[in-house]
Structure formats: structure tokens, C-alpha cells
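Student: Here is a sequence together with a model predicted from it:
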Amino acid sequence: MLKVLPIQSKLRQEELCKQCNIRYNPDLLAYAASVDEELVGICQFKLTDKGGEVHDIALVCDRPEPQDPKARQASDFEALFVMGRGTLNFIDLCGVHFAAYVGQAPDEPLLRAIGFQKKENGAWEINLEGFFTEHCHNHDH
């Protein structure tokens, strides 16, 4: 079963960042995604006066080779997608209706699937106004 839960402890957040080979930042909030109790990835983010900032959406490194690599790849993508959408939903529910991905190594297919749009200047942004409430919203992916 896929679970996306907030990380309640900064010590745990730091441990998970190490497992995902990303820089731990104690000033960021974080979610962890797991499938069948196995950690899949982490998302670090924060709320600012300019909007939400997603700093990392990262997979765990050094996991054992799966018996079915394609199934795991699809499962991992789904877990990161749900975690990314959950992060944006939290940001939106906090009354912040704009978010940007500010990480160092964007996974473009994942960011597009989540709903981010790449701007001409290379920035990845999303307008969350109505994104989670309108059934037929016109968001380009």
C-alpha cells in the first residue's frame, strides 16, 4: 500500500535525506512516501511570502535490485507523483496558491505529471488557484 506521510521528527528527516542522497535542511517541511512499508522517497518544501517552494522530490538510493524493474519504476513514479501532488495540496490548503520547484536536478517528466509548467526562463511553476477544486481545470501539463 502506498503511504505519503509528513515527517514529524527532524532527526528522521535528516536520516531520510541521507538515504535519498539529498541535502538535509532543517528549515524545510517534508513528506515521506513508502510502498508496503518500504521507503521510496522524500519531498522537502517550505511556504514563503512568495509561494510554496518544493526543494526536493527524490528517490531512495541504493535499494536492492527488484525482480521486476519496470514494475518498480512505475511504482516509484506513482509514489513520487502522489507525494508531489500531496505537497502541492498542502501548500494550497495553507492558502498559498502558487508554487515553484527550486531543486537542483529536475525530473522533467515527473514535474510535468505533477502539474508544474516550465517557463521560458527555465523555472518550474504552478498556479494552484482552483487546481484541486475544479474538475475541468485548464492546466497544461
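Tutor: Sure, I can see it.
Student: how about residue 95, what does it touch?
Tutor: With contact set as CB atoms under 8 Å, 6 or more residues apart in numbering, residue 95 has no partners. The way it works is simple: take the backbone N, C-alpha and C, and place the C-beta from them, glycine included.
Student: looking at this, it is in a strand?
Tutor: No - under DSSP: H, G, I helix; E, B strand; the rest coil, residue 95 sits outside any strand and is assigned coil.
Student: Can you show me the helices along this structure?
Tutor: Ranges of helices in the chain, per DSSP state H, are 10-19, 69-93, 108-114.
Student: Dump those helices into TSV; add distance to residue 55, mean neighbour count and mean pLDDT as well.
Tutor: Shown next, in TSV, are these (distance: least, CB to CB, whole Å; neighbours: other CB atoms under 10 Å; pLDDT from 0 to 100):
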stretch	distance to residue 55	mean neighbour count	mean pLDDT
helix 10-19	10	16	97
helix 69-93	10	17	91
helix 108-114	13	16	96
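Student: Find the residue at the geometric middle of this structure.
Tutor: The geometric centre of the chain, computed from its C-alpha atoms, lies nearest to residue 84 (CA atoms, centre = their mean), at 3.1 Å.
Student: Mind giving me the packing neighbours of the biggest strand by length in the chain?
Tutor: Of all segments of type strand in the chain, defined using DSSP state E, the longest is strand 38-48. With contacts defined as 3 or more CB pairs under 8 Å, 6 or more residues apart in numbering; DSSP states H and E, the packing partners of strand 38-48 are helix 10-19, strand 29-35, strand 51-59, helix 69-93.
Student: okay if I get these as TSV plus distance to residue 124?
Tutor: Putting those into TSV (distance: least, CB to CB, whole Å) gives the following:
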stretch	distance to residue 124
helix 10-19	21
strand 29-35	18
strand 51-59	8
helix 69-93	11
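Student: how about residue 26, what does it touch?
Tutor: 10, 13, 14.
Student: For residue 126, see how far away it is.
Tutor: In this view, residue 26 and residue 126 are 25 Å apart by CB to CB, to the nearest Å.
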